[in-house]
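Visitor: coords please:
(one chain, ligands or ions: 3)
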Amino acid sequence: MAKTPKTIFVCQKCGRQERKWHGKCADCGEWSSFVEERFRASAQKQSKTGAAVKPAFENRPVSYSDIKPQDDDRTSSGIPEFDRVLGGGIVAGSLVLIGGAPGIGKSTLVAQVSDHLAKLKSKVLYVSGEESDRQIKMRGERLGIDAESLFVLAETNLESILAESDRLKPDSIIVDSIQTVFSERVESAPGSVSQVREVAGEFMMYAKKTSTPVFLVGHVTKEGSIAGPKTLEHIVDTVLYFEGDRHHNHRIIRATKNRFGAANEIGIFEMTNRGLIPVENASELFLQERPEGASGSVVTIAMEGTRPMLVEVQALVSGTHQGSGRRMAQGFDYNRTSLLIAVLEKRLGFQLAGDDVFVNVAGGIEINEPAADLGVAAAIASSFKNLAVPAETALFGEVGLTGEIRGVLQAQARAREAQTLGFKRLIVPASNKKGIDKLLGMRVIGVKTLEEALDELF
Ligand SMILES: Nc1ncnc2c1ncn2[C@@H]1O[C@H](COP(=O)(O)OP(=O)(O)OP(=O)(O)O)[C@@H](O)[C@H]1O
Ligand SMILES: [Mg+2]
Ligand SMILES: [Zn+2]
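Guide: Ligands and ions are numbered 1, 2, ... in the order given. Next up is the predicted model:
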């Protein structure tokens with residue numbers, strides 16, 4: 001039998017394992033990311049006779065027709081926006097990861113969710129490895145939390161947490177945060193890839209075995225993460241990330257993966273001293289500070305999951321002080337921005353090589369879908385020509401490399417949202433026009449090329 005190595009080297013960014021130390025990770029390309037970690041004790045465990053120890057669950061193949069379907073057993077979290085990102089409520093036995101930058105509001109969210117759940121007469125166990133029970137109480141007082149069946153456990157030892165869970169038998173568990181919890185069976189430090197995986201794996205087993213939903217809070221740094229949520233994404237059922245930044249009051253929670261619902265669904269909240277308050281009308285929020293009659297500002301309609309949302313795209317084109325112009329994009333893909341600039345130059349004769357071009361999606365939201373192309377191109381054109389786009393006009397469409405405007409998905413839903421918000425004129429791909437041109441009070445213009453669209457606008 002081959003000798004099992006005692007230690008392995010694990011990339012702290014993506015989790016790749018090597019027998020020897022490497023300077024660069026062959027999977028994710030990160031430098032100096034390998035850390036020596038002790039081999040998992042459980043993996044080496046063998047009985048005295050040399051036979052492998054029996055696994056905890058013994059599964060045999062079963063006939064597909066004998067499998068009972070799992071009921072879509074969902075509980076409301078009491079927070080509609082949160083239910084929405086989960087795909088319609090909390091699924092029994094699901095493992096949910098909630099990631100986000102430091103201080104963005106992860107603990108606030110889970111505290112509010114536990115309060116709501118506990119008020120439904122269900123027992124909630126809130127495990128905190130970061131804050132003492134008093135600190136949690138302090139936040140709780142501010143948020144108005146007063147549920148009786150909410151239990152707080154300040155503990156970081158996985159085995160103790162699981163033992164307490166077995167005793168208390170909570171209806172849901174919250175772990176804040178996964179990086180602070182460690183298993184005795186793994187010898188590397190808390191927060192390392194091996195620990196984080198082991199801990200998540202154990203909670204997954206617990207969740208499935210007892211049908212208890214478990215929420216794991218995880219920290220993410222701006223660059224992605226160190227030993228963080230990225231390595232957990234494939235283990236858990238659902239991944240939710242906080243988006244946006246702390247300089248805005250609103251917080252966006254996005255489902256980037258969901259085994260029980262649509263991915264990319266978002267929930268929008270406002271951070272107040274009483275906690276996170278759901279925002280009902282997202283479009284209004286993102287348009288509220290829109291300057292009227294200013295060049296370089298355009299309203300486009302993005303789809304976030306199943307929700308259409310009006311957002312303001314801003315562009316600023318100005319003479320550069322350096323040799324060749326800089327390009328910058330915030331909230332929209334950088335490469336896509338460059339591509340749209342190239343189309344404007346080549347197909348419409350815009351001279352942008354000597355200009356700086358900045359693109360920004362107002363409100364700190366990210367819109368990464370081709371349907372936003374037309375909005376971005378129009379904003380750049382508007383700033384370049386120094387001509388404002390009429391305030392009651394909105395547009396969407398994908399821009400192709402020849403300057404053609406291509407149809408997008410869910411044109412109906414987008415158009416209706418614009419109508420609701422009182423927009424009077426809509427510029428859309430010609431192929432999308434049919435079906436939406438009968439909306440009351442709106443003039444819908446179908447365009448085939450970027451040139452046509454700009455002719456309509458200016
Ligand atoms: N009194 C207050 N009024 C308004 N907002 C507050 C108040 N106190 C805290 N906050 C908000 O709550 C945020 C901290 O929330 P929370 O502790 O839930 O974040 P977190 O993501 O859990 O942070 P960490 O990474 O430190 O665990 C602050 O950044 C701030 O926006
Ligand atoms: Mg916290
Ligand atoms: Zn790696």
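
Visitor: How far does stretch 391-398 stretch from one end to the other?
Guide: One end of stretch 391-398 to the other measures 21 Å (Cα to Cα, to the nearest Å).

Visitor: Identify all contacting residues around that stretch.
Guide: Residues outside stretch 391-398 that contact it (Cβ atoms under 8 Å, 6 or more residues apart in numbering) are 292-293, 298-302, 310, 370-375, 378, 405-408, 411, 414, 418, 422-429, 432, 447, 453, 457. All C-beta spots, glycine's among them, are computed from the backbone N, C-alpha and C.

Visitor: If we use 6 Å, what do you get?
Guide: Stretch 391-398 is contacted by residues 292, 299-301, 370-371, 373-374, 405-406, 408, 414, 418, 423-427, 429 when judged by Cβ atoms under 6 Å, 6 or more residues apart in numbering.

Visitor: out of these, which are inside helices?
Guide: 373-374, 414, 418 (DSSP state H).

Visitor: Ser33 is in contact with Asp27, isn't it?
Guide: No: if you go by Cβ atoms under 6 Å, Ser33 and Asp27 don't touch, sitting 9.9 Å apart.

Visitor: Please pick the buried ones from the contacts of stretch 391-398.
Guide: 299-301, 370-371, 373-374, 405-406, 408, 414, 418, 423, 425-427, 429 (16 or more other Cβ atoms under 10 Å).

Visitor: about what we covered before: who's more crowded, Ser33 and Asp27?
Guide: The neighbour comparison of Ser33 against Asp27 (other Cβ atoms under 10 Å) goes to Ser33, with 23 against 13.

Visitor: Pull the contacting residues for the more buried one.
Guide: Residues counted as contacts of Ser33 (Cβ under 6 Å, 6+ apart) are 11-13, 25.

Visitor: And the longest helix along the chain, what's buried?
Guide: When the chain is parsed with DSSP H, its longest helix is helix 193-210. By neighbour count on 16+ other Cβ under 10 Å, the buried set for helix 193-210 is 193-200, 202-204, 206-208, 210.

Visitor: Now it - C-alpha only, PDB.
Guide: Backbone C-alpha positions of helix 193-210 (Å, rounded to 0.1, in the frame of the first residue of the first chain) are rendered in PDB as follows:
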ATOM      1  CA  VAL A 193      -9.300  25.500   3.200                       C
ATOM      2  CA  SER A 194      -9.200  22.100   4.900                       C
ATOM      3  CA  GLN A 195     -11.000  23.400   8.000                       C
ATOM      4  CA  VAL A 196     -13.600  25.300   6.100                       C
ATOM      5  CA  ARG A 197     -14.400  22.300   3.900                       C
ATOM      6  CA  GLU A 198     -14.500  19.900   6.700                       C
ATOM      7  CA  VAL A 199     -16.800  22.100   8.800                       C
ATOM      8  CA  ALA A 200     -19.100  22.800   5.800                       C
ATOM      9  CA  GLY A 201     -19.200  19.000   5.000                       C
ATOM     10  CA  GLU A 202     -20.200  18.200   8.600                       C
ATOM     11  CA  PHE A 203     -23.000  20.800   8.600                       C
ATOM     12  CA  MET A 204     -24.200  19.500   5.300                       C
ATOM     13  CA  MET A 205     -24.400  16.000   6.800                       C
ATOM     14  CA  TYR A 206     -26.200  17.400   9.800                       C
ATOM     15  CA  ALA A 207     -28.600  19.300   7.600                       C
ATOM     16  CA  LYS A 208     -29.500  16.400   5.400                       C
ATOM     17  CA  LYS A 209     -29.700  13.900   8.300                       C
ATOM     18  CA  THR A 210     -32.100  16.100  10.400                       C
END
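
Visitor: pLDDT score for whichever residue of the stretch 201-350 of the chain sits closest to ligand 1?
Guide: For the stretch 201-350 of the chain, the residue closest to ligand 1 is Asn273, as judged by Cβ to the nearest ligand atom, at 3.1 Å. Listed pLDDT for Asn273 reads 92.

Visitor: and what of the one 5 residues further on?
Guide: pLDDT recorded at Pro278 is 91.

Visitor: looking at this, Ser188 is in a helix?
Guide: No: secondary structure of Ser188 (DSSP: H, G, I helix; E, B strand; the rest coil): coil, not part of a helix.

Visitor: tell me which residues of the longest strand along the chain are tucked away?
Guide: The strand spanning the most residues in the chain, taking DSSP state E as the definition, is strand 307-319. Under the neighbour-count criterion of 16+ other Cβ under 10 Å, strand 307-319 has 307-317 buried.
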